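Colleague: Output the structure for:
(chains A, B and C)
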Amino acid sequence: MSDQVQNPVLDASGVADALVQRFPDAVKKDTRKGYEGVIIDHHKLLEVAGAIRDDYGFNYLSSLTAVDYLGMGDHMEVVYHAFRVPTGGAPLVFKAQTDRVEPTIPSLVKVYPGADFQEREAYDLYGIYFPGHPNLKRILLWDGFEGHPMRKDWKEAYYEQEHKPFDSRWPGGNVFRGEEHNPFGHNVRYPAGFNLDNFTPQTEAQFQSEMSLGVDIMGDPAFTNERLLVNLGPHHPSTHGVFRMMVQLNGETIESLEPVMGYLHRNHEKIGERNTWFGNMPFTDRLDYLSSMGNNLGYALAVEKLLGSQVKIPYRAEVIRVLMAELTRITNHLWAIGFLLNDLGAFFTPALYCIQTREYILDFFEATAGSRMMCNYMRFGGVFKDLPERIRAEALLLNDKVRDMDTMQYLKDLITERIPRSIDELDEYLSDSEIIASRCIGVGVLPADVAIANSAAGPLLRASGVPYDLRRALPYSIYPELEFDVVTRPNGDLLDRYFVRLDEMRESVRILKQILPLLEKTKGESIFGGKTSYSIKAPAGESYGMVENPKGELGYYVVSDGGGNPWRYHVRAPSFINLTTLGLMAKGHKVADVVAILGGIDIVLGETDR
Amino acid sequence: MFGTGILKGLGVTFRHFVTTFIDDIKYLGKKRDLEVFQHKQSLANVGLVTVEYPDEKLAVPERFRFVPFLVTYNQDDPEYAGKDWCTSCGICAKVCPPQCIWIVRGTDPNTGRPKPEPEQFYIDTDICMNCGYCAEYCPFDAIKMDHNYELASYDRTTAHIHDKKRLSKEIRYWQSIAPTTAAEEMEARKGYDHTDVQKARKKAGLTPSRVGPTSDKAPEPEVVAAPAAAATAEAPAAPVAVQASPAPADKAVEAAATDKPPGPGNWVKRGKRWINLDAPAEVKKRSRGPGEE
Amino acid sequence: MSNDELDLRELHNPDIPVPEEMQSNVAITSLSSLYNWGRSRSIWPMLFGLACCAIEMIATAASRYDLSRFGMEVMRATPRQSDLMIVSGTVTKKMIVPIVRLYNQMPEPKYVLAMGACASGGGPFKEGYNVVSGVDKYVPVDVYVPGCPPTPQALLHGLIMLQKKIEQQHLGVGASVPWYGAGPSESIPVPVLGPDVIDPRHAELFRREALKGRATPTVAEALGLNPEAAAETK
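Modeller: Below you'll find the predicted structure:
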């Protein structure tokens, strides 16, 4: 692919111009204020997208999402962000528009296989049809769900008002629970005239027959003793939450696999569009709840981009942000390695060692941000509060035991001594183990080109030998000043994913060691350079903010109509998109390996299902 | 050689097994006191890390966020006993991301016009996400995040919507759980008193703010020299509270009647008790705040 | 639960005459406390995590907070071997179906602990279209632990509350525990996924609502709020 790049020197906006020239009747520039990229006539989308990929080198479709412009042109828009991997650089943004009544946009799965799940999500939540998609059906909700909930004119049962704050809370805030005003006393809404008497629910057999596995377990004579359809999850100890896989087996060997998700779909985006801009910050904590600081940072970057010159991030705030982001990376990778070993059968001992080290980092988060996991620490223009002088507590409850430690000393010990010791110990403990080698080598292999085509991100991509890391490819914060290497491994199997995570922790420690003197140097400087107002308004426009989160590229696509709430708030979740490759990786392996392969992707359901 | 990697790994597990006993040997025969606890919970520890929860609890840091509470003046404040700090301006209800705060603004029964006092204040803890925005954006330091996480209950219908009575806690409670932050806030307000009270006092020709919950009639000289809460901030997080012996009940009643503490001097509230850090021998018992249960 | 193995009612018929009002107490009281002591100190939770709170639950089970001090470290992956379901996280409509099924499969005596705001009452995500407003809409909950998420210590506090609750139960017929009565306990009807989640217990309500010829009102409609007017004033 990359050898066909005609104009490798052109950047994203140059390519946009070139596209307009090359396809004058299909491509036009997006001239709306605050928007970028090009709008492609959806009849020619496939052709133009092919050119974007093959001729201009944007070979990696990072994010695909839909926007409902109800009352703002009354059309649906699908927005694509494509990157050059591993070259790096800004994304090319291209869009396709369609009307709201029968929204249809050709599927890009043939050009970018990574569009698979994302198009299904757009179909599920917006009702956009993607002709040409191999398996277009609901992904987060279930078949039979009434309506497409992300559409602006779709109202949920507890709908009170278009935007927060709700008027019922103040000044006449007589408390009620949402269910008190629902005839069923539950969070439910049924269409008019719906009656149980004329309703037949979908059976499990129907559900399974409709899977892309293409089997009919009830009537297919091919299902003999050897061929089975096995269901894993949603309640299964190895699925890292409420994730479900349908696996078609031949003996012990996997013939095909289809993930079923949505068991933790808690409507992050719909709630996000009701929320105020900064009200979404604590909600981002609950996306990838193992690395909340990273989620905060990504959202802050997206909105700061939108706010433009209204915010100036002080240097110390940037230093603290990187400190938090890298500590988060370590906590996440510790967890990922511990639970990968769980999945391999080493029940709990490695995980216990990892969790113990993680606790020390959480102690620091708790003292600084106020919570172990849900940090809610970043603000638009800086961070919530400076590091405390001392990590100390006050006795309150019976038998409370207090601690009192100097923060900087604690950090120094943590970074230079405690964490490296744990990483080395893990290395010694696990890396040479023959059991791990025999369970991991050659399992779940993902070749580099397949990884790129399927939009794999993070350690999954880098373990396939692709040196792509947003901290280097499209640097943000103070990463350009910091010395670190992008860790890659050549084989793309489970063992390499383990090693990439281990080495990334080492690189994070290397970054943190450079951060420590910066923290000392900037002591006492300002940590916030934005507006302190509780009702900020963002100028109209769109923005895509992304960070290299521990699990891969975490992107936030936000659209503002100039008000105090996002018009569109979309999360490009690495856990979700990385799952596109699960079926490919599992094929041909034994059923016991699928558990480990899933552990190697390292998903968090809060982010997968949002 | 095949198997060496496994042996190496088993070596690590064995080392962990042995090191868990190191502290036990080191502190053999000693009581499991604060020193042992602090060592076990420090980075230097290589042995057991377990917090034996009901018998010893890891105290939470100052910035810890749990369900919010409302600040009021102390019940024994000589000037503004039990007055709400909340002015029902509604900012917390507006910033609350999941919209779990409900405020009924107070109205003056005579004029019918709104008055700066909440008639009712509810927080639905089944919705609250402990994000801390209400405390962060409150312009009057009137809503704060609590540190008491032991709220488990058998019934959510009655226990989980906290009303004003349950939410209200005395300012001294906040000073005791977060002395540093409380001192910083006091500095920002330029004095102990609520900013609106300061304005009213200025109008009335009084000193804009008292330095602590003292009486205006007979200001004591020491008070000026040592502002109570500022001194609190410097106070070490000593285990005095946990180990101090309780005062006899009659003495406590007497102390409550004289209406003196927490000023003058270094008064700190530890749990239910008031402790003078200057004279640790004297311990006075106070009744709890109305919502503090 | 079947009474074939041990008919507890035999315990109420000792040979010595016992006053009627005392009959369910005498033989049982000391046995109760011994039995409860054992039960409350060997609660086996189900290895069952939903969302963010599950991470704190795992942290509670890890070395720092160490659930095994309470005899709860035996997390069983199957409901058939577990006594306690810790609902740790947001219960979605799609997930409530398996949750009810799991609950039905647990043997009596069984307990449910709702961990965190979401499991108790929907939490910050309550307004979402795919979120159940508290798991207690479907299964009975014994202990609620507030917090988002509750810290490991808060969860331990909740578990100790559960232990206390178990210690107060006693074996007498018609006493606070339902499962020593006659016959098996009724299972909870499993919800169905239709246009929205359907609780089969609502069949009668559905009939009545269907006659009204309108979609289920939103809270705004129920309260008489006019969303359009509210939007314009903004």
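Colleague: so how many other residues sit close to residue C:208?
Modeller: Using other C-beta atoms under 10 Å in any protein chain shown, the number of residues around residue C:208 comes to 11. Where C-beta positions appear, they are placed from N, C-alpha and C, glycine not excepted.
Colleague: In contact with residue 36, which residues?
Modeller: This is for chain A. Neighbour list for residue A:36: A:13, A:16, A:30, A:93, A:542 [criterion: C-beta atoms under 8 Å, 6 or more residues apart in numbering or on different chains].
Colleague: should've been chain B
Modeller: Here residue B:36 is in contact with B:23, B:27, B:30 (C-beta under 8 Å, 6+ apart).
Colleague: give me that answer again for 7 Å
Modeller: Residue B:36 makes contacts with B:27, B:30, as judged by C-beta atoms under 7 Å, 6 or more residues apart in numbering or on different chains.
Colleague: Show the pLDDT at it.
Modeller: With respect to pLDDT, residue B:36 has a value of 82.
Colleague: tell me the phi and psi of it?
Modeller: phi -60, psi -40 (degrees, to the nearest 10).
Colleague: Ok, residue A:546 next?
Modeller: The phi/psi pair for residue A:546 (degrees, to the nearest 10) is phi -140, psi 150.
Colleague: Near it, how many other residues are there?
Modeller: Look at residue A:546: counted by other C-beta under 10 Å, it has 24 neighbours.
Colleague: Help me confirm that it comes into contact with residue A:554.
Modeller: Yes. Assessed by C-beta atoms under 7 Å, residue A:546 is found in contact with residue A:554 at 6.4 Å.
Colleague: Not counting residues beside it along the chain, what's closest to the residue of chain C found nearest chain B?
Modeller: Relative to chain B, the nearest point of chain C is residue C:121 (2.7 Å; C-beta to the nearest C-beta). What sits nearest to residue C:121 in space, not counting adjacent residues and going by C-beta to C-beta, 6 or more residues apart in numbering or on different chains, is residue B:126, at 2.7 Å.
Colleague: hang on, the earlier thing: which among the contacts of residue A:36 count as buried?
Modeller: If you count burial by 16 or more other C-beta atoms under 10 Å in any protein chain shown, the buried members of these come out as A:16, A:30, A:93, A:542.
Colleague: Let me have these in CSV, extended by distance to residue A:291, pLDDT and secondary structure.
Modeller: Output for these, formatted as CSV (distance: C-beta to C-beta, whole Å; pLDDT from 0 to 100; DSSP: H, G, I helix; E, B strand; the rest coil):
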residue, distance to residue A:291, pLDDT, secondary structure
A:16, 33, 89, helix
A:30, 33, 89, coil
A:93, 26, 92, strand
A:542, 25, 92, strand
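Colleague: Serialize those residues to CSV and add fields for distance to residue B:150.
Modeller: What follows is those, written out as CSV (distance: C-beta to C-beta, whole Å):
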residue, distance to residue B:150
A:16, 58
A:30, 55
A:93, 50
A:542, 46
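Colleague: Show me which of those residues is closest to residue A:158.
Modeller: When the buried ones among the contacts of residue A:36 are compared for distance to residue A:158 (C-beta to C-beta), residue A:542 wins out at 28.6 Å.
Colleague: which bits of chain B sit near chain C?
Modeller: With C-beta under 7 Å from any C-beta of the partner chain as the criterion, chain B meets chain C at residues B:49-54, B:57-58, B:66-67, B:97-98, B:125-130, B:149-154, B:156, B:160.
Colleague: Give me the buried entries from the residues you listed.
Modeller: Using 16+ other C-beta under 10 Å, the buried members of the residues of chain B next to chain C are B:49-53, B:57-58, B:66-67, B:97-98, B:125-130, B:149-153, B:156, B:160.
Colleague: could you pull out the strands for chain C?
Modeller: C:84-88, C:111-115, C:143-145, C:192-193, C:197-198 (DSSP state E).
Colleague: To residue A:157, which of those strands lies closest?
Modeller: Among these, strand C:197-198 sits nearest to residue A:157 (C-beta to C-beta), with 10.5 Å.
Colleague: Let's test this: mean pLDDT of that closest one, rounded?
Modeller: On average, strand C:197-198 scores 89.
Colleague: Determine the number of other residues adjacent to residue 130.
Modeller: Using chain A. 23.
Colleague: that answer is for a different chain, and I need it for chain C
Modeller: By the measure other C-beta under 10 Å, the count of residues near residue C:130 is 28.
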